[in-house]
Structure formats: C-alpha cells, structure tokens
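A.B. asks: What follows is a predicted protein model with its sequence.
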Amino acid sequence: MSDSDKRGFERLSCKNVIVKTYDVDSDKYVKNALGARHCSKTTYMKIFIPSILKELDKVLYLDGDVLVRKDLVEYFNQLNINENYDMAVIRDLGVIKIWSDSFDSYVNGDIFYAGQMLMNLKNLRGENGIEHRFMTTPDSKKYSSSCGDMPIFNRLEFNRVKYIDVKYCLSWHKIVMNIHPEVYKSIDVYN
C-alpha cells in the first residue's frame with residue numbers, strides 16, 4: 001500500500017473511530033503456516049492479529065468485502081474482555097448446508113463465520129493462544145478443506161467462542177435467505 005493510500009485511510013478517523021495502518025511482513029508470520037495452496041498469505045494473517053496489535057485488547061475483524069452501514073458500538077459491546085471467551089461470533093447457518101463436509105464432526109453444526117469476528121486479544125495471546133495452537137496443530141488438521149480459513153478457525157476455537165445474535169452478521173443473510181427462508185424472515189438484520 002502506498003503512503004498516499006495509507007494517509008487516505010487514516011483520514012477516515014473520526015470521533016469514535018481511529019483508522020491506523022500497519023506495515024506487516026507477512027512472511028514473518030506465515031512462512032511456516034502455508035500448507036494450503038488455495039489460500040493466500042493474507043488469509044492467515046487474521047490468526048496473527050493478537051501478535052500484530054499488541055497494544056489492543058479487543059478488535060472487530062471484518063473481511064475486506066464487508067460493507068458497514070451502521071454504527072458498530074452496540075456490536076463491539078457484545079464481548080467483555082474479562083469474559084472467558086476468545087471471540088464473539090455469529091453462527092453461520094448457510095455454510096452448514098453448503099460446506100458441512102469440510103468441517104470436523106466435533107464442531108457439531110456450530111459453525112461460525114470467520115469473516116466477521118469480535119476478538120478478545122487478551123485471551124488469544126500466549127502459550128494457549130490461537131497463534132500457538134495454529135502453529136502446533138498438524139497440517140492435516142489445518143488444511144484438509146477447500147473452504148479457506150473458516151474450518152481452521154472453527155477447529156481451533158469451537159469451544160472458546162460466544163455466539164451472538166445473528167442480527168449482527170453483516171453478510172450471511174444473503175446466503176441464508178435462499179437456504180433457510182423461514183429463519184431469515186424472523187431475523188431483525190442489523191445492517
């Protein structure tokens with residue numbers, strides 16, 4: 001990213017939002033983590049957010065294709081950093097039907113959307129943190145799927161997340177409205 005582009009992003013800062021860019025050497029973090037040819041280095045960078053953003057305790061991670069149309073303060077407050085959860089996530093109803101074969105059976109249908117995660121960085125750091133668990137997990141467990149990083153996050157975090165109301169999901173409803181119309185009709189979509 002050029003310096004001009006960085007300054008452009010940082011000018012988006014306002015009263016309740018600080019936009020800061022980071023220069024990150026992805027090779028430093030993912031050089032030993034690339035076992036899936038179908039995923040880029042940047043796909044795995046969110047696993048290393050706790051190491052990269054050391055000065056922060058909580059981060060809302062959103063994939064680059066997510067469009068935010070409302071204030072996210074209420075959403076951001078869905079996770080207290082003193083809770084024992086690593087993340088506040090949204091159950092992904094669409095993927096259960098589409099990609100269920102790509103997820104281990106121990107996930108038991110509680111699959112969450114990895115493109116939108118409210119991350120408790122305090123809990124995700126250290127010897128029991130996600131980076132350590134990712135780097136010490138055998139490759140066959142990390143990369144046995146063609147579904148990108150969702151199976152990885154679901155395998156590493158399946159019993160460490162707090163499921164929050166699906167109304168906070170900023171993109172899943174487009175899939176679910178076609179697969180589970182009865183569920184979609186009953187949801188107050190936040191975006």
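C.D. replies: Great, that's in hand.

A.B. asks: From now on I want contacts and neighbour counts done on CA atoms only, so please keep to that.
C.D. replies: Noted.

A.B. asks: where along this protein do the helices fall?
C.D. replies: When assigned using DSSP state H, the helices of the chain occupy the ranges 3-10, 26-30, 41-45, 49-52, 73-76, 93-98, 121-124, 130-136, 139-142, 150-157, 173-179, 181-184.

A.B. asks: what's the distance between S26 and T42?
C.D. replies: Applying C-alpha to C-alpha, to the nearest Å, the value for S26 to T42 is 7 Å.

A.B. asks: In terms of neighbours, single out the busier of those two.
C.D. replies: S26 (13 against 10; other C-alpha atoms under 10 Å).

A.B. asks: wait, doesn't that one sit right on T43?
C.D. replies: No. Counting by C-alpha atoms under 8 Å, no contact exists between S26 and T43, whose distance comes to 10.4 Å.

A.B. asks: Under the pLDDT cut-off, which ranges of the chain? List them.
C.D. replies: Along the chain, segments meeting pLDDT under 70 span 31-39, 93-109, 139-148, 170-191.

A.B. asks: switch to 80 and redo it
C.D. replies: Applying pLDDT under 80 to the chain flags residues 16-17, 26-44, 65-69, 92-111, 135, 137-152, 158, 166-191.

A.B. asks: From I111, how far out is K162?
C.D. replies: Counting by C-alpha to C-alpha, the gap from K162 to I111 is 12 Å.

A.B. asks: more crowded one of those two?
C.D. replies: More neighbours sit around I111 than around the other of K162 and I111, counting by other C-alpha under 10 Å; the figures are 24 against 19.

A.B. asks: So the more buried one versus R69, what's the distance?
C.D. replies: 25 Å.

A.B. asks: Check T43 too.
C.D. replies: Taking C-alpha to C-alpha as the measure, T43 falls 24 Å from R69.

A.B. asks: the more surrounded of these two?
C.D. replies: Neighbours around T43 and R69, counted as other C-alpha under 10 Å, are more numerous at T43. The numbers are 14 against 9.

A.B. asks: Please report the number of neighbouring residues for the closest residue to that one other than its chain neighbours.
C.D. replies: Using C-alpha to C-alpha, 6 or more residues apart in numbering and skipping residues adjacent in sequence, the residue nearest T43 is D149, 6.7 Å away. The number of residues packed around D149, counting by other C-alpha under 10 Å, is 21.

A.B. asks: same thing with L156?
C.D. replies: For L156, the neighbour count with other C-alpha under 10 Å is 17.

A.B. asks: do the same with F158
C.D. replies: For F158, the tally of surrounding residues (other C-alpha under 10 Å) stands at 17.

A.B. asks: Skipping its backbone neighbours, what lies nearest G129 in space?
C.D. replies: Using C-alpha to C-alpha, 6+ apart and skipping residues adjacent in sequence, the residue nearest G129 is N123, 6.6 Å away.

A.B. asks: Would you agree the one you found is in contact with V59?
C.D. replies: No. In terms of C-alpha under 8 Å, N123 does not count as a neighbour of V59; the distance is 11.9 Å.
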